[in-house]
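Asker: Here is a sequence together with a model predicted from it:
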Amino acid sequence: MAETAIINEEEKKLILKAYRALLGSIKSKMNAEDKINMRKAYEIAVEAHAKQRRKSGEPYILHPIEVARICAEEMGLGPTAIVAALLHDVVEDSDFTLKEIESSFGEKIAGIVDGLTKLDGAYDVESPQAENFKKVLSTLIYDVRVVLIKMADRLHNMRTLGSMPRHKQLKIAAETSYIYAPLAHRLGLYNVKTEFQDLVMKINEPEIYQELAQKLQDTKIERNEYIDDFIQPLVTDLDKLNIKYRINGRPKSISSIFNKIKKKGVPFEEIYDLYAVRIIIDIEPEKEKSICWQVYSVVTDVHQPIPERLKDWVTTPKSNGYESLHTTVVGPKGRFVEVQIRSERMDEIAERGFAAHWKYKEVKNQQDMYDTWLDSIREILDTQHTDAIEFLNDFKTNLFNEEVYVYTPNGDLKILPKGATALDFAFNIHSDVGYHCTAVKVNNKLVPMGAKLNNGDQVTVITKKSQKPNEGWLKMVVTGKAKSKIRSAMKEEHRLVGSIGKETLQRKLKNMKLDFEENVDFIASQLNFNNRFDLYFAISTEQVNVTESLKAFRIEGNKLYVKEEEKKEEIVKEVVKPKKKVSTKSQILVNGESADQYGYSLAGCCNPVQGDDIFAYLSANSGLKVHRTNCPNATHLMANFGYRIMKAEWTNQTNRDFVVDLIITGIDDGPGVIERVTGKISSEMGINIRSFSISGKQGYFEGKISLHVLNKDQLELVIRNLKTTNGISNVTRVDRY
């Protein structure tokens, strides 16, 4: 964003046109006050952003107008949220203050704008990104509109990332994948979540994205004809139900197709369940369930169902309020088709999630599902965290995609994330039940507290008052609530034990006639403790001997200082500390300069090769690490430590080779497989094989091979040639963990 000349007449017309489009998109009713606030917010935003431009060169004001339109048209939010969306960057980017916003629009709108305003950059925190995430997410418990507007803001930024530098695109995409897409899912914003995932893939895997998009475009006519053939025989029987309904067919999203290709290890042409058909019925709420099942009966009478693919979220909605009946059937030509059956009400909630559910809050106690989740968020916020990253990790576990449905001994349903354990269940019931859990029975059978739960399990928790959490419990749980409560209990225990150490140190300093408060933090720092409380605990557990430790200090006035000889010794140690080995054959530029000066190394988790899209991460202890942009760890690093990410690119040098791992699968037709693979790689292509292992079973084999290659082009040539080898069905590059 940059400052430039005042907006010209042509741009004024463009801005006014965008504003009128916004007004035309508002579906909710507006009273006279709403209309006045809307116009006033628009005028303030135009004035505040008058000299600002986006990286694309267009007037910046078009961004808040578009964010407001997304809130109105795509999320169905009301006037209050739309006004706040227009103002969401005003305080951050201009001289307008929150007090002025409050005096003009009231406390509610000012509160939303405050939630959307980033923290002051002067804050001394390890991860400013995580701190800002925490600020926004903390607003969930008092006004979810802050998060919904933030979603709209991020969606427009993702749609218009093209003019940003590549390394910034990657950071923004990582944040989106790490927190915004899962949060959109958790709030039931399925369209937003899907678009987030597709836009992230477009940035992280541009070549694959374009290839799949082109294949979908090329097969569009064929797909539409197929959907028509699938729907046609259903119409006659559906008409007999005498209900209003509509049917639409659509391909699955590009990111969803890509995930299937990776998971199943098959090419695009062999993904048969590309098709999804949605049948939406217009019926009163009390008849929804029975009519959905009647429609299901019609579908499965016409097309062969696959029983294990039936998912009933009509009888038991998801914890984010999602209701729909999903089944997969075998359509014409033996292709799998997913069919979703739902009512108009269910469809609106599925499309707009939390934003739409208030409209139907009297139906089926919709509000309770969100209230339960928001209560869990409140508990995480109430728990003290070491830092914002710890909070964020706890919060993320509450954004689960898949769920398990388990029951209390009284038959009450509890919904937990897939992978949740018996101990997670105990904390889900109540914090005190979790704290004092000594044993758990699942289906009346005693199981370990870390045992994973399955759908339909009935769980009984056995408690004992003397039981306390310990550090090992953190490895037994996956939910944010359980983790935060265990940490909280351990910190309290830590504090109680440390109180003895505090008294010991207080007595010692008193005997030395030194002020406790003036010296305690200095002592903790010099003895390499993060804070005074860790020092107390170390004294209590006899890890630190107070008398011996204080010999390293001298007294001057009422304060302690490090003795001069100790200082000299530390300086000597620092001088003789061995330097990190610096590469002499740099092939990488970091921020346009040779990476040699950083003593960089290639990350072992993703093994980049020359030609891969890469970035550099300045780690706390290991110098500069170069990762692939699609590294398994990239999203976490960029989302939490964006300020440590540096732009990296390859030079044209080819003075080394790289090790890559491939997984090869195919038909096991005897000992000739190994000869064909090694012959193709070594004899025909002259590639050095570092290691090769292979195992076969029941006509199928899987092999792992490590190769030395010069660059990405050579690697892709190897993969293409192997795929054409007789008996090999798939070849994929894998990461190391």
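Answerer: It's in. Keep in mind that what you see is a predicted model, and the values were worked out from it rather than measured.

Asker: and the helix or strand containing residue 277, what other elements does it pack with?
Answerer: Secondary structure from DSSP states H and E places residue 277 in strand 275-282. In terms of contacts (3 or more Cβ pairs under 8 Å, 6 or more residues apart in numbering; DSSP states H and E), strand 275-282 is packed against helix 220-239, strand 244-251, helix 288-302, strand 336-343, helix 344-352. All C-beta atoms are positioned from the backbone trio N, CA, C, and that covers glycine.

Asker: Correct me if wrong: residue 519 contacts residue 560.
Answerer: Yes - the pair residue 519 / residue 560 is scored as a contact, 5.0 Å apart, by Cβ atoms under 8 Å.

Asker: got a pLDDT number for the residue nearest to the spatial centre of the chain?
Answerer: Computing the C-alpha centroid of the chain and ranking residues by Cα atoms, centre = their mean puts residue 178 first, at 2.4 Å. pLDDT recorded at residue 178 is 86.

Asker: That one: what's it in contact with?
Answerer: Residue 178 is in contact with 396, 635-636, 638-640, counting by Cβ atoms under 8 Å, 6 or more residues apart in numbering.

Asker: let's see 6 Å
Answerer: Neighbouring residues of residue 178 by Cβ atoms under 6 Å, 6 or more residues apart in numbering: 635, 639.

Asker: Which of the helices or strands spans residue 708?
Answerer: strand 700-709.

Asker: So what touches that strand?
Answerer: With Cβ under 6 Å, 6+ apart, strand 700-709 has contacts from 609, 657-666, 668, 687-694, 715.

Asker: And those, which of them are buried?
Answerer: Buried members of the contacts of strand 700-709, scored by 16 or more other Cβ atoms under 10 Å, are 609, 657-662, 664, 666, 668, 687, 692, 715.

Asker: Those: which two are farthest apart?
Answerer: 657 and 668 (30.6 Å; Cβ to Cβ).

Asker: Tell me where the stretch 551-700 of the chain has helices.
Answerer: 564-576, 634-640, 672-678 (DSSP state H, counting those that start in this stretch).

Asker: who's the residue nearest to residue 695 when sequence neighbours are not counted bridged to?
Answerer: Of all residues not flanking residue 695 in the chain, residue 702 sits nearest, at 6.3 Å (Cβ to Cβ, 6 or more residues apart in numbering). Applying DSSP bridges to residue 702 gives these bridge partners: residue 665, residue 695.

Asker: Just the pLDDT at residue 702, thanks.
Answerer: 85.

Asker: so how many other residues sit close to it?
Answerer: 16 (other Cβ atoms under 10 Å).

Asker: separation between residue 11 and residue 53?
Answerer: Applying Cβ to Cβ, to the nearest Å, the value for residue 11 to residue 53 is 10 Å.

Asker: Looking at these two, which has the bigger crowd around it?
Answerer: Using other Cβ under 10 Å as the criterion, residue 11 and residue 53 rank with residue 53 on top: 19 against 15.

Asker: phi, psi of that one?
Answerer: phi -130, psi 150 (degrees, to the nearest 10).

Asker: The one 5 residues further on now?
Answerer: Listed backbone geometry of residue 58 is phi -80, psi 160, with angles given as degrees, to the nearest 10.

Asker: and the nearest residue to residue 512 once chain neighbours are set aside, how far is that from residue 563?
Answerer: Ranked by Cβ to Cβ, 6+ apart and with sequence neighbours excluded, the top spatial neighbour of residue 512 is residue 555, at 6.8 Å. As judged by Cβ to Cβ, residue 555 and residue 563 stand 10 Å apart.

Asker: just residue 633 next, same as before
Answerer: 43 Å.

Asker: which of the two has more neighbours?
Answerer: residue 633 (16 against 13).

Asker: from what I can see that one touches residue 605, true?
Answerer: Yes - Residue 633 is within contact range of residue 605, at 5.4 Å (criterion: Cβ atoms under 6 Å).

Asker: Just the buried positions in the helix or strand hosting residue 524, please.
Answerer: Following DSSP H and E, the helix or strand that holds residue 524 is helix 516-526. Of the residues in helix 516-526, 519-520, 523-524 count as buried by neighbour count, 16+ other Cβ under 10 Å.

Asker: Next: stretch 627-636.
Answerer: In stretch 627-636, the ones that count as buried by 16+ other Cβ under 10 Å are 627-631, 633-636.

Asker: and of those residues, the nearest to residue 424?
Answerer: Closest to residue 424, out of all of those and judged by Cβ to Cβ, is residue 636, at 22.2 Å.

Asker: average model confidence for the top helix by length along the chain?
Answerer: Assignment by DSSP state H gives helix 480-511 as the longest helix of the chain. Averaged across helix 480-511, pLDDT comes to 82.

Asker: Which parts of the stretch 51-200 of the chain are helices?
Answerer: 62-69, 79-86, 90-93, 98-105, 107-116, 128-138, 145-159, 166-175, 181-186, 190-204.

Asker: what does the first one rub up against?
Answerer: When contacts are taken as Cβ under 6 Å, 6+ apart, the neighbours of helix 62-69 outside the stretch itself are 18-19, 22, 25, 45, 82, 85-86, 89, 152-153, 156.

Asker: What about residue 675, how many residues nearby?
Answerer: Residue 675: 11 neighbours (other Cβ under 10 Å).

Asker: what does the model give it for pLDDT?
Answerer: 81.

Asker: Residue numbering should commence at 4 henceforth.
Answerer: In the new count, where the first residue is 4, that last one comes out as residue 678.

Asker: Quick check: it vs residue 685, distance?
Answerer: 11 Å.

Asker: what stretches of the stretch 404-553 of the chain score poorly on pLDDT?
Answerer: 404 (pLDDT under 70).

Asker: Just the element for the nearest residue to residue 481 once chain neighbours are set aside, please.
Answerer: Leaving aside its chain neighbours, residue 481 sits nearest to residue 422 (5.2 Å; criterion: Cβ to Cβ, 6+ apart). Using DSSP H and E, residue 422 is not contained in any helix or strand.
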